[in-house]
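S.K.: sharing a sequence plus its predicted fold:
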Amino acid sequence: MSDEIFIGTDIVSVPRIAAILKKYPNRFSRHTYTPSEVKYCESMPKPAVHFAGRFAAKEAVKKALLTSKAIDNIPLKQIEIERLPNGEPVVHIAGKLQNKLNCKVSISHTDEFATATALLSVLL
Ligand SMILES: CC(C)(COP(=O)(O)OP(=O)(O)OC[C@H]1O[C@@H](n2cnc3c(N)ncnc32)[C@H](O)[C@@H]1OP(=O)(O)O)[C@@H](O)C(=O)NCCC(=O)NCCS
């Protein structure tokens, strides 16, 4: 068992995500986000802000995972950011290591940028 903590962070341009969503409607969102993530983001007045926040969160989690060396690579869709009723984000990482990974993420966004920081502990 390891008590080592790994960290990841990311920042995303909201207009860039809005442009990708416009250029590739459905394709980008289906490739990158789970159905419940898409449902939540599309229910919001400014969907791109929330898509960007989740993109930053996924990238932050991926950085922490790669730093830990628990995995070599992971598709962003395998990292799901659930939203609790109080707004708090919860990370679910699909795959064979899912029961050994404990990951927390924090997201913030403006109309211009979204950022996220992830903390990961791995039980091996
Ligand atoms: C949590 C809180 C500090 C977030 O502040 P904020 O400036 O709106 O947040 P930002 O714009 O920087 O970031 C938004 C992200 O914060 C995260 N967030 C929201 N609520 C959260 C909470 N309770 N705990 C942790 N993270 C939270 C979400 O990931 C959200 O992204 P999303 O909307 O795409 O899911 C603020 O909402 C708060 O003080 N809440 C407590 C009071 C409250 O809930 N009032 C409303 C009751 S209806």
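M.R.: Sure, I can see it.
S.K.: can you find the helix or strand of this protein with the lowest average pLDDT?
M.R.: Lowest mean confidence among the helices and strands of the chain (mean pLDDT, DSSP states H and E): helix 27-32, at a mean of 95.
S.K.: check which helices and strands it sits against.
M.R.: Applying 3 or more Cβ pairs under 8 Å, 6 or more residues apart in numbering; DSSP states H and E, we find helix 27-32 packed against helix 14-23, helix 35-42, helix 47-68. Where you see a C-beta, it was placed from the backbone N, CA and C, and this is true even at glycine.
S.K.: which of those sits most buried?
M.R.: Comparing those by mean neighbour count (mean count of other Cβ atoms under 10 Å), helix 47-68 ranks first with a mean of 24.
S.K.: take that helix, keep the C-alpha atoms, and write them as CSV.
M.R.: Extracted C-alpha coordinates of helix 47-68, given in CSV (Å, rounded to 0.1, in the frame of the first residue of the first chain):
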residue,chain,number,x,y,z
PRO,A,47,-22.8,24.6,-22.1
ALA,A,48,-19.3,25.4,-23.3
VAL,A,49,-18.3,26.7,-19.9
HIS,A,50,-19.2,23.4,-18.2
PHE,A,51,-17.8,21.2,-21.0
ALA,A,52,-14.5,23.2,-20.6
GLY,A,53,-14.6,22.7,-16.8
ARG,A,54,-15.0,18.9,-17.3
PHE,A,55,-12.3,18.9,-20.0
ALA,A,56,-9.9,20.6,-17.6
ALA,A,57,-10.9,18.2,-14.8
LYS,A,58,-10.3,15.1,-17.0
GLU,A,59,-6.9,16.4,-18.1
ALA,A,60,-6.0,17.2,-14.5
VAL,A,61,-6.9,13.7,-13.4
LYS,A,62,-5.1,12.2,-16.4
LYS,A,63,-1.9,14.1,-15.5
ALA,A,64,-2.1,12.8,-11.9
LEU,A,65,-2.6,9.3,-13.2
LEU,A,66,0.3,9.4,-15.6
THR,A,67,2.5,10.9,-12.9
SER,A,68,1.6,8.1,-10.6
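S.K.: list the helices and strands the next helix-or-strand element following that helix packs on?
M.R.: With elements assigned by DSSP states H and E, the helix or strand that comes after helix 47-68 is strand 79-83. Contact partners of strand 79-83 among helices and strands, from 3+ Cβ pairs under 8 Å, 6+ apart: helix 35-42, helix 47-68, strand 89-93.
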